[in-house]
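Asker: okay, predicted coordinates and the sequence, questions at the end:
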Amino acid sequence: MAEQVEMIFFDVQQGNSTYIKSPNGKHIVIDLGAGSFFSFNNKDFSPLLHLQKQYNVQQLDYVIITHPHKGHIADIMNFVELVPKALITHPCKFTRGEIIKDMVSKTDLPFYERYMAINEYYEQKAEHDYQRDLENSENFGGLKMKLFCLKKNNSTLYLNNHSIITVLEYATIKVIITGDNEAPSFKWLLENQFFAETIKNAAILLAPYHGREEGFCKDFVEVVNPRLIVISDSKYYKEANKQYDYEDNSRGWTVHYKEGIIEEDSKTFSTYLDRGALAVTFGWNEANKPFLHTRSI
C-alpha cells in the first residue's frame, strides 16, 4: 500500500482552511476559514464539522492559525468539537488591541473573542514546545514540517505580515502554506538562507493573501518555483493571477476536475474560478517512487 499524505484545500470564500493527514494518521488543520460557495453550497459550511462527519476525524492533533483575521478564524466556534491536542499561533502573542483593530465589523467580535480565549487557554496548559514536536518528522510518519514567521518587533509591518508560513515535505514533494503575508515580509524572510533553501522547488504553493496583488512577491515565487499555485478566495484577483500564470512562475501540473475533465498543464487552481475545493495526495507509490495527485472536489 502506498505511503502518503492527504490534504484538502477547502473552498471557504475569502479565507483559508487546509486539512492534512500524515502518513501515520495524524490530523492537522491550518487555519479555520468557513463558508462555501461551490463545493458544499453553504455559506455556513464548517470544515471542522465536515471532517468530523464525513471523514470520521474525532480529534485533531494540531491546529495552526497563521494569524487572527476573520477569514482564518471563522470556524473557531466549532473548534472544541474536535478537541485539538495542541494549538500553534504566532510565537509573539498579539495584544487584544492589536487584534481587534483589524476587525472589519462589530458583528465579528465574538469570533475574535473566542480566538483570544482559546489561545490563552492553550498557552496556559502547554507544558512544552509543541512547535518542536510538530517539526519532528518521526512524530508524523516521516512528514517534515517547518514553520516560519517574522518577529513581532518588526513594527513596520502589520498583522498579515506576521502570518505563520508552513512548509510540508514528504517523498521529496513540498507544499507551502503562506497565510496572508505580503511582499515586504517575504523580502525580510528571504534574507534567511535556511528559509530560502527550505521553500525551494515546491510542488504546490497556496498563494499568499488569497492571490491579491499585495501578496505577490516575484523573488519569493521564483525561489519556490511551484508546479501548481492554489488560490483560495471568493473573488478572483485577475491582476495577481496574470502574474502567477506567467510561464516562469508556475511549472504546471495535472489537475483532475470533478466534471471528468483532466487539465495536464494547469498553472493555477482557484477555489472561485474552478468552483470547488482541491484534494491533494502525495507520497511513495508501491514501486517506491514519489507521486503527486490533485483533484477538485
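Answerer: Cool, the structure landed.
Asker: backbone dihedrals for residue 279, please?
Answerer: Main-chain dihedrals, residue 279, degrees, to the nearest 10: phi -100, psi 130.
Asker: how much space separates it from residue 254?
Answerer: 13 Å (C-beta to C-beta, to the nearest Å). Bear in mind the C-beta positions are built from the backbone N, C-alpha and C, glycine included.
Asker: find the residues that touch each one of those two.
Answerer: Common contacts of residue 279 and residue 254 (C-beta atoms under 8 Å, 6 or more residues apart in numbering): residue 294.
Asker: ok now the top helix by length along the chain, how far from the chain's centre?
Answerer: The longest helix of the chain (DSSP state H) is helix 109-125. With C-alpha atoms, centre = their mean, to the nearest Å as the basis, helix 109-125 stands 20 Å off its chain's centre.
Asker: what do you get for stretch 91-105?
Answerer: On the basis of C-alpha atoms, centre = their mean, stretch 91-105 sits 20 Å off its chain's mean C-alpha point.
Asker: and the helices in the stretch 1-150 of the chain?
Answerer: Using DSSP state H, counting those that start in this stretch, the helices of the stretch 1-150 of the chain run over residues 47-54, 70-73, 96-100, 109-125, 130-134.
Asker: give the buried residues for the fourth one.
Answerer: Right, helix 109-125. Residues of helix 109-125 classed as buried: 111, 112, 115, 116, 118, 119, 122 (neighbour count, 16 or more other C-beta atoms under 10 Å).
Asker: tell me, how many residues neighbour residue 198?
Answerer: Per other C-beta atoms under 10 Å, the neighbour tally for residue 198 reads 18.
Asker: distance of residue 52 relative to residue 10?
Answerer: The spacing between residue 52 and residue 10, counted by C-beta to C-beta, is 14 Å.
Asker: can you pull out the low-pLDDT segments for the stretch 1-150 of the chain?
Answerer: For the stretch 1-150 of the chain, residues meeting the criterion pLDDT under 70 lie at 1-2.
Asker: more crowded one of residue 52 and residue 10?
Answerer: Taking neighbours as other C-beta under 10 Å, residue 52 and residue 10 compare with residue 10 leading, 31 against 17.
Asker: verify the contact between that one and residue 30 for me.
Answerer: No: under the criterion of C-beta atoms under 8 Å, residue 10 makes no contact with residue 30, lying 10.5 Å away.
Asker: so what's the most centrally placed residue in the chain up against?
Answerer: Among the residues of the chain, the one closest to the centroid is residue 177, at 4.0 Å (C-alpha atoms, centre = their mean). If you count contacts by C-beta under 8 Å, 6+ apart, residue 177 has them with 16, 18, 30, 31, 66, 165, 166, 168, 206.
Asker: which residues does it bridge with?
Answerer: Under DSSP bridges, the beta-bridge partners of residue 177 are residue 166, residue 206.
Asker: measure it to residue 220 for me?
Answerer: From residue 177 to residue 220 the distance is 13 Å (C-beta to C-beta).
Asker: for residue 178, same thing?
Answerer: From residue 178 to residue 220 the distance is 9 Å (C-beta to C-beta).
Asker: related to what we said a few turns ago, adding distance to residue 196, write the helices of the stretch 1-150 of the chain out as TSV.
Answerer: Shown next, in TSV, are the helices of the stretch 1-150 of the chain (distance: least, C-beta to C-beta, whole Å):
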stretch	distance to residue 196
helix 47-54	31
helix 70-73	25
helix 96-100	29
helix 109-125	30
helix 130-134	20
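Asker: and of those, who's closest to residue 234?
Answerer: When the helices of the stretch 1-150 of the chain are compared by C-beta to C-beta, helix 70-73 sits nearest residue 234, at 9.2 Å.
Asker: so how far is the closest one from its chain's centroid?
Answerer: Its chain's C-alpha centre and that of helix 70-73 lie 12 Å apart, by C-alpha atoms, centre = their mean.
Asker: elements contacting that helix?
Answerer: helix 109-125 (3 or more C-beta pairs under 8 Å, 6 or more residues apart in numbering; DSSP states H and E).
Asker: tell me where the stretch 101-250 of the chain has strands.
Answerer: Along the stretch 101-250 of the chain, the segments classed as strands by DSSP state E, counting those that start in this stretch run 144-148, 165-170, 173-177, 204-206, 228-231.
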